[in-house]
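>>> sequence plus predicted model, see below.
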Amino acid sequence: MERLSTIADWRAYCAHQRERGRRVGLVPTMGALHEGHLSLVERARDNGDVVVLSSFVNPRQFSDDADLARYPRTPEVDEGLAEGAGVSALVRPELAEMWPDFPSPTLTTVSVARLGDLLEGAGRPGHFDGVASVVTKLLTVTGPCRAYFGQKDYQQLVVVRRLVRDLAFDVEVVGCPTRRDETGLALSSRNVRLSADGRQRATALSRALRLARESSGPPSERRALMDEVMRVAGVQVAYAEVVDAETLTPLSDEQRVVGRALVAGFVERVRLIDNAEIDLRERGVTCC
Ligand code: AMP
């Protein structure tokens, strides 16, 4: 496995792979790797890609300095996991090259309007500008055929798909299913900050989504149900929404489509998110 950190080496490595006729698959991460990240690597390997895994804790997507400082960092463990999973190149870009002006604001920003302002964007102003800007730079330097993102961060996937479409990046965005532990909790680098009791409470997010999927009520009822399940479990709810899968706008009770349910909340000051597909086409008659 190659270990790269400068943009020059990283760009040259990817160009060399393309010249050899290989397809480059990019897996962008913030490190602190777990099985969820490795499932993206596995998917890229199944597609026959040369896998470039980037690991960069992007300060521009954190709105809170304390959250950035607390973000888990496990570089040695990551190296072993990446190598074991068959990553071809582990890229750890330097902050000074990614955002040369940091901590002053970077003048160039990629912003996906509206999609980036809803849900996570409402609670974390500027978050998706940071995501869209870093993903643009990762794609520009890597020049991959495919880029792999988890459905775990569903809104991020929607934002990235839009940015790739709008800016005509020549890359296929591959959305991969969420990996969970045996309790249903979505794997996340942030889970290591939860106590045993916190982990238990955090299972309320996936439970709320499951109950909302199983309900036959309209979106308003399912939102209320998810909200209640999380609150009862002691989650400080940020939102519990049922939205259009592409525009992310809330669905009305009359809409009978396949939408997306998204939840977010805090447990022990750790922000957790999860989501699931929700089929509203076949549901109980609400009036006679
Ligand atoms: P992160 O390091 O949290 O920024 O995540 C890097 C990539 O891994 C993103 O595309 C995430 O959506 C994806 N990812 C994170 N957790 C999971 C999971 N539990 N299952 C699948 N993909 C995940």
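That came through fine. Numbers count the residues shown, from 1 in each chain.
>>> let me see the confidence value for Thr74.
In the prediction, the pLDDT value recorded for Thr74 is 98.
>>> who in this structure is up against the ligand?
Residues of the chain that fall close to the ligand, judged by Cβ under 6 Å from any ligand atom: 29-30, 36-37, 39-40, 149-150, 152-153, 176, 178-179, 186-189. All C-beta spots, glycine's among them, are computed from the backbone N, C-alpha and C.
>>> can you show me the helices along the stretch 151-288 of the chain?
With DSSP state H, counting those that start in this stretch as the definition, the stretch 151-288 of the chain shows helices at residue ranges 154-166, 196-214, 219-232.
>>> helix, strand or coil: sort out Leu139 for me.
helix (DSSP: H, G, I helix; E, B strand; the rest coil).
>>> where does the protein have low pLDDT?
284-288 (pLDDT under 70).
>>> returning to what we had before: tabulate the helices of the stretch 151-288 of the chain (JSON lines), appending mean neighbour count.
Putting those into JSON lines (neighbours: other Cβ atoms under 10 Å) gives the following:
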{"stretch": "helix 154-166", "mean neighbour count": "20"}
{"stretch": "helix 196-214", "mean neighbour count": "19"}
{"stretch": "helix 219-232", "mean neighbour count": "19"}
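>>> which among the ones you listed is found nearest to Arg70?
Minimum separation from Arg70 across the helices of the stretch 151-288 of the chain (Cβ to Cβ) falls at helix 196-214, 14.1 Å.
>>> now the closest one and helix 219-232, what's the angle there?
Computed with axes from the mean of the first three to the mean of the last three Cα atoms, to 10 degrees, the direction of helix 196-214 lies at 160 degrees from that of helix 219-232.
>>> name the element the residue nearest to Gly126 when sequence neighbours are not counted belongs to?
Take Gly126 and drop its neighbours on the chain: the residue closest to it by Cβ to Cβ, 6 or more residues apart in numbering is Ser63, 5.7 Å away. Taking DSSP states H and E as the definition, one finds Ser63 inside no helix or strand.
>>> number of residues surrounding Ser63?
Other residues lying near Ser63 total 13 when counted by other Cβ atoms under 10 Å.
>>> number the residues from 18 up from this point.
From this message on, residue numbering opens at 18, which makes the last subject Ser80.
>>> quick one, what contacts it?
With contact set as Cβ atoms under 8 Å, 6 or more residues apart in numbering, Ser80 has these partners: 141-144.
>>> out of these, which is nearest to Glu285?
After measuring the contacts of Ser80 against Glu285 - Cβ to Cβ - the closest member comes out as Arg141, at 18.2 Å.
>>> next one: phi and psi at the closest one?
In this entry, Arg141 is assigned phi and psi values of phi -130, psi 80 (degrees, to the nearest 10).
>>> against the ligand, how distant is it?
To the ligand, Arg141 is 13 Å away according to Cβ to the nearest ligand atom, to the nearest Å.
>>> could you chop this protein up by domain?
Using automatic domain parsing, the domain ranges for the chain come out as 19-193, 206-296.
>>> and the longest one, how far out from the chain middle?
How far domain 19-193 lies from its chain's middle: 10 Å, per Cα atoms, centre = their mean, to the nearest Å.
>>> count of residues packed around Gly276?
Counted by other Cβ under 10 Å, the residues lying close to Gly276 total 24.
>>> before we move on, what about Tyr256?
By other Cβ under 10 Å, neighbour count at Tyr256 equals 18.
>>> wait, it touches Gly140, no?
Yes. With contacts counted by Cβ atoms under 8 Å, Tyr256 reaches Gly140, the gap being 7.5 Å.
>>> what touches both of these two?
Listed contacts common to Tyr256 and Gly140 are Ala281; contacts here mean Cβ under 8 Å, 6+ apart.
>>> out of the contacts of Ser80, which are inside strands?
Among the contacts of Ser80, DSSP state E puts none in strands.
>>> now those: which count as buried?
Among the contacts of Ser80, those classed as buried by 16 or more other Cβ atoms under 10 Å are 141, 143-144.
>>> now, the residues of the chain next to the ligand that are in strands?
Filtering those for strands - DSSP E - leaves 46, 166-167, 193.
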